[in-house]
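Student: The following comprises the amino acid sequence and a computationally predicted model.
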Amino acid sequence: MADQEHHDGSDLSEILRASREFVVKDSGQRQQFSTGMKRDTTEGKARFDLVFDGPLLQRLAEHLTKGAVKYEPRNWMKAATDEEYDRFRQSACRHFIQYMRGDTDEDHFAAVVFNLNGMEYVRDRQRGR
């Protein structure tokens, strides 16, 4: 299982060394703009800008902020075991029922998303991603 690290800029030389190994991918397709600028097309590329639509990111960010205060930032990212996966799953199920029931004592919608994300995070770690 590969440990995943969060780079905070403290090891700049390592980041610069790694950047020399990067390539600029090219689909062979071009989009030309009225100014004459040319770029590779966006065809087949994920549209990350679309995730900002709707309430999801705002509510998830608020949920993560509250968790960071309660525990510590990124505490949930320590999870790597089946036991932790099961804990995320149990919480996702409970919060889903509470959300569907209309409970408003917590943001159960954000809690469902948080826990589903935690489940996938654990599985990715277990697969070495």
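Tutor: The structure has been received and is ready for your questions.
Student: what's in contact with whatever helix or strand L60 lives in?
Tutor: Using DSSP states H and E, L60 falls within helix 56-70. Residues from elsewhere that reach helix 56-70, judged by CB atoms under 8 Å, 6 or more residues apart in numbering: V51, R74, N75, W76, D107, F109, A110, A111, V113, F114. Using the backbone N, CA and C atoms, a C-beta is placed for each residue, glycine as well.
Student: what's around the third one, how many residues?
Tutor: By other CB atoms under 10 Å, the residues close to N75 number 11.
Student: And it, how far from D86?
Tutor: 18 Å (CB to CB, to the nearest Å).
Student: Ok, the first one next?
Tutor: Taking CB to CB as the measure, V51 falls 27 Å from D86.
Student: Nearest residue to the middle of this structure?
Tutor: Central residue of the chain (CA atoms, centre = their mean): N117, 7.4 Å from the mean position.
Student: Give me the secondary structure label for that one.
Tutor: Under DSSP: H, G, I helix; E, B strand; the rest coil, the three-state class of N117 is helix.
Student: Which pLDDT value belongs to it?
Tutor: pLDDT recorded at N117 is 98.
Student: Same question for E5.
Tutor: The model's pLDDT for E5 equals 50.
Student: Buried only: go through the contacts of helix 56-70 for me.
Tutor: W76, D107, F109, A110, A111, V113, F114 (16 or more other CB atoms under 10 Å).
Student: which one of the residues you listed is nearest I97?
Tutor: For the buried ones among the contacts of helix 56-70, the minimum distance to I97 (CB to CB) is 11.2 Å, reached by A111.
Student: Report the buried residues of stretch 72-84.
Tutor: Quick answer for stretch 72-84 (16+ other CB under 10 Å): W76, A79, A80, E84.
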